[in-house]
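Student: compute the structure for the input listed below.
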Amino acid sequence: MQATVPAALKAGYPFLAVEFTFRRTEGDAAMDAELTDELLVVLVMHLDSGVTGEPLVDWATSALERGLDSPALTWLAGLPRSCSVFESAPLLDRALRELSLPPLPDPEGLRRAYVSAVSRQLLAGKLTPNEALDRVHRHAVSPL
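Tutor: Residues are numbered from 1 along each chain as shown. Sure, this is the predicted structure:
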């Protein structure tokens with residue numbers, strides 16, 4: 001099985017820019033803004049050592065449903081949701097490499113992108129202002 005990823009993502013992590021821009025090319029329906037924001041949340045939680053295997057497995061399942069495909073992504077999605085982060089995190093790292101995505105940025109850049117993702121969720125009505133403030137404080141401000 002060969003890893004496939006939309007052409008718009010091969011240039012880099014579009015979700016890591018503080019100003020969120022996601023350019024889709026014709027036929028690239030796999031990685032959308034919602035999926036990149038979900039990945040961003042999982043990565044920041046992983047950075048804070050506050051993630052279990054469950055959100056990693058859930059993200060991999062969502063990615064497969066949206067058309068992303070790689071051997072490690074399939075393996076990650078097939079793990080039980082009760083698996084440990086020690087089983088699932090290496091598979092996430094491998095899946096991101098197999099999808100030809102560049103290495104993750106420094107923690108500060110990841111946290112900045114996370115604040116952008118939370119802002120988008122707030123503007124979309126998916127979070128209340130208090131929930132957004134709590135998430136930004138917990139994952140972006142407190143760790144600094």
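Student: next one: phi and psi at the residue nearest to the spatial centre of the chain?
Tutor: By CA atoms, centre = their mean, the chain has its centre lying nearest to L39, at 1.1 Å. When read as degrees, to the nearest 10, the backbone of L39 gives phi -60, psi -40.
Student: what about the helices in this protein?
Tutor: Remark: helices assigned in the chain by DSSP state H are 7-10, 33-47, 53-65, 71-78, 85-98, 107-123, 129-136.
Student: can you tell me which of those helices comes nearest to P143?
Tutor: helix 107-123 (7.0 Å; CB to CB). No exception for glycine: its C-beta is placed from N, CA and C like everyone else's.
Student: next one: that closest one to chain centre, how far?
Tutor: With CA atoms, centre = their mean, to the nearest Å as the basis, helix 107-123 stands 11 Å off its chain's centre.
Student: now swap in stretch 73-81 and tell me
Tutor: Using CA atoms, centre = their mean, the mean C-alpha position of stretch 73-81 is found 15 Å from that of the whole chain.
Student: go on, stretch 115-126?
Tutor: 15 Å.
Student: what comes up buried for that stretch?
Tutor: For stretch 115-126, a neighbour-count test (16 or more other CB atoms under 10 Å) marks 115-118, 120-122 as buried.
Student: might one say that the residue nearest to the centre of the chain is in contact with A60?
Tutor: No. L39 sits out of contact with A60 when judged by CB atoms under 8 Å, with a separation of 9.7 Å.
Student: sorry, back to before: quick one, what contacts the closest residue to the residue nearest to the centre of the chain other than its chain neighbours?
Tutor: Distances taken as CB to CB, 6 or more residues apart in numbering place W59 nearest to L39, at 5.8 Å, with adjacent residues excluded. By CB atoms under 8 Å, 6 or more residues apart in numbering, the contact list for W59 reads 35, 38-39, 42, 92.
Student: from these, which one has the minimum pLDDT?
Tutor: Among the contacts of W59, L35 carries the lowest pLDDT, at 83.
Student: returning to what we had before: among the buried residues of stretch 115-126, which one lies nearest to L76?
Tutor: Distance ranking of those against L76, using CB to CB, places A117 first at 20.8 Å.
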